[in-house]
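Q: Need a 3D model of the sequence below.
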Amino acid sequence: HVQLVESGGGSVQAGGSLNLSCLASGDMYMRNCMGWFRQALGQERERVATILIGGRTDYTDSAKGRFTISQDNAKNQVYLQMNSLKPEDTAMYYCAAGRYEGRSNPCQPRYWGQGTQVTVS
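A: Reported below is the predicted structural model:
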């Protein structure tokens, strides 16, 4: 039974920071990457940042310079430090575990968490 449990979401003012955490448990078959995705109301889910087991990271343009993804492989945890938050960052943030499928798809999700809400005003 695979579980991804996110925490750390909340409401902040523009310019503030949040640090999201994701705890993974269970046998995630063939997983070699973790990622953070987000979905704003009425919009499609989009990738934010990903990290391979070896540590290589990838960010979308909207996250570069503001967000940092990191992991603790021993603890099966992945984090997303978000700084200089903007109202357009408001969304449900999902943790995912998956497989690397190339530079254009650095983490194809196979498993999802339930999400944590981030609201920036």
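
Q: which parts of stretch 98-117 are buried?
A: The neighbour-count check on stretch 98-117 (16 or more other CB atoms under 10 Å) flags Gly98, Arg99, Tyr100, Pro106, Cys107, Pro109, Tyr111, Trp112, Gly113, Gly115, Thr116 as buried. Bear in mind the C-beta positions are built from the backbone N, C-alpha and C, glycine included.

Q: Identify the residues contacting the first one.
A: When you say that, I think you mean Gly98. Arg31, Cys33, Met34, Gly35, Cys107, Gln108, Pro109, Arg110, Tyr111 (CB atoms under 8 Å, 6 or more residues apart in numbering).

Q: do you know how far the third one is from Val5?
A: The spacing between Met34 and Val5, counted by CB to CB, to the nearest Å, is 13 Å.

Q: who has more neighbours, the two?
A: Met34 (29 against 14; other CB atoms under 10 Å).

Q: Double-check the more buried one against Cys107; I have them as touching.
A: Yes - the criterion here is CB atoms under 8 Å, and Met34 meets it with Cys107 at 6.9 Å.

Q: Quick check: neighbours shared by those two?
A: Thr50, Ile51, Ala96, Gly98.

Q: Quickly list what the third one is bridged to.
A: Here Ala96 sits in beta bridges with Gly35, Trp112, going by DSSP bridges.

Q: Next: the second one.
A: In this structure, Ile51 bridges to Met34, Thr57 when assessed by DSSP bridges.

Q: That one contacts Met34, doesn't it?
A: Yes - using CB under 8 Å, Ile51 is in contact with Met34, at 5.6 Å.

Q: quick one: contacts for Tyr111?
A: By CB under 8 Å, 6+ apart, the neighbours of Tyr111 are Val2, Leu4, Met28, Arg31, Ala96, Ala97, Gly98.

Q: Sorry, slip of the keys, the one I care about is Val5.
A: Shown in contact with Val5 (CB under 8 Å, 6+ apart): Cys22, Leu23, Ser25, Cys95, Gly113, Gln114.

Q: so can I have TSV of these showing distance to Asn76?
A: Formatted as TSV, the contacts of Val5 follow (distance: CB to CB, whole Å):
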residue	distance to Asn76
Cys22	9
Leu23	7
Ser25	7
Cys95	11
Gly113	13
Gln114	17
